[in-house]
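Novice: got a predicted structure here, sequence first:
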Amino acid sequence: MANGKVRTTLSDTGVRTIALDDPDKRNALSIELLDELIAALEEARDDATRCVVITSTHPKVFCAGGNLAAFGDDAPVIAKHVANDRFPTLFRHALAGGLGVALACDLIVARESASFGAPEINVGVFPFMLMALLYRNLPRKRVNELMLLGERVTAAEAHTIGFVNRVVPDGEDFDAAVSEWADRLAAKSPVLMRLGKDAMRRQDDMPYDDALDYLQSQLTLAFATQDAKEGLTAFLEKREPAWTGH
């Protein structure tokens, strides 16, 4: 389905692909694109979707960051926040706000030639809203370097730092690598993925003892699901589980 600046498809295995599709503007995060992206993510919360891939129709760019034209003297002051709490992301170059979209995701797969950066300082801005994601994903000194120097890092450097999960060599089939991971994620129990993802996020800023208490309650809840029982039964019977999502 195409919504102007965002295209979505849903595979038979439950993988929903959301492609940023404003190539003439290098997928800059205009208000229109953000609105469509948020709508696509909301639509992806349906039961048919097991995994979401965020990608780009541009051959070289995932997202060039904020659309600076939208922040001119005549533009209203509008803050948009994209919350992506369940999904992996795969892409090319990600800069400024595009890096924020990437870091808000669970997993990142990048081409070998991809690069990442927060270059706002180079145009007289500063990545204020991006800080919350940067400091939660990268070592502090590397965040300082990215924001203060405004330079890019390569996919290999991003993998070494730890915020890219997998780098696909340029000579290999990138889409096949993406599909392989996405299908593996989509094959997991949807209810346990939801419970686990929610717990991953909530416990992150809790004191240690509070986190243990909370996680114990979530473990009890997980064991009460039909899918947990099915998983154990399938393991004992040496067969693939048939998840119900309950």
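Specialist: Perfect, thanks for sending it.

Novice: every contact and neighbour count from this point should use C-alpha atoms.
Specialist: Noted.

Novice: report the buried residues of the host helix or strand of residue 202.
Specialist: For residue 202, the host element (DSSP states H and E) is helix 190-202. Along helix 190-202, these residues count as buried under the neighbour rule (16 or more other CA atoms under 10 Å): 190, 191, 192, 193, 196, 199.

Novice: tell me the one among those residues nearest to residue 118.
Specialist: Residue 118 lies nearest to residue 199 out of the buried residues of helix 190-202, by CA to CA, at 29.0 Å.

Novice: assign a three-state SS to the residue nearest in space to the middle of the chain, would you?
Specialist: Among the residues of the chain, residue 105 comes closest to the average C-alpha position under CA atoms, centre = their mean, at 2.1 Å. Following DSSP: H, G, I helix; E, B strand; the rest coil, the label given to residue 105 is coil.

Novice: next one: it from residue 52, what distance?
Specialist: Taking CA to CA, to the nearest Å as the measure, residue 105 falls 10 Å from residue 52.

Novice: likewise residue 129?
Specialist: Applying CA to CA to residue 129 and residue 52 gives a distance of 24 Å.

Novice: show me what contacts residue 40?
Specialist: Residue 40 is in contact with 6, 8, 18, counting by CA atoms under 8 Å, 6 or more residues apart in numbering.

Novice: quick one: neighbours of the nearest residue to residue 203 once chain neighbours are set aside, just the number.
Specialist: Spatially, and ignoring its direct neighbours in sequence, residue 203 is nearest to residue 211 (5.3 Å; CA to CA, 6 or more residues apart in numbering). Counted with other CA atoms under 10 Å, the neighbours of residue 211 add up to 16.

Novice: quick check: mean pLDDT of the strand or helix carrying residue 211?
Specialist: Secondary structure from DSSP H and E places residue 211 in helix 208-223. Taken as a whole, helix 208-223 has a mean pLDDT of 96.

Novice: do stretch 231-240 as well
Specialist: 96.

Novice: over to stretch 181-188?
Specialist: Mean predicted confidence for stretch 181-188 is 92.

Novice: ok, stretch 122-134 next?
Specialist: Per-residue scores along stretch 122-134 average to 87.

Novice: any residues touching that stretch, and which ones?
Specialist: Contacts for stretch 122-134 (CA under 8 Å, 6+ apart): 96, 97, 100, 103, 104, 118, 120, 121, 143, 147, 150.

Novice: what's the closest of those residues to residue 242?
Specialist: Once CA to CA is applied, the member of the contacts of stretch 122-134 that ends up nearest residue 242 is residue 104, at 30.3 Å.

Novice: how about that closest one, phi and psi?
Specialist: phi -70, psi -10 (degrees, to the nearest 10).

Novice: can you get me a residue count around it?
Specialist: Other residues close to residue 104 by other CA under 10 Å number 23.

Novice: okay, it: pLDDT?
Specialist: pLDDT, read off for residue 104, is 84.
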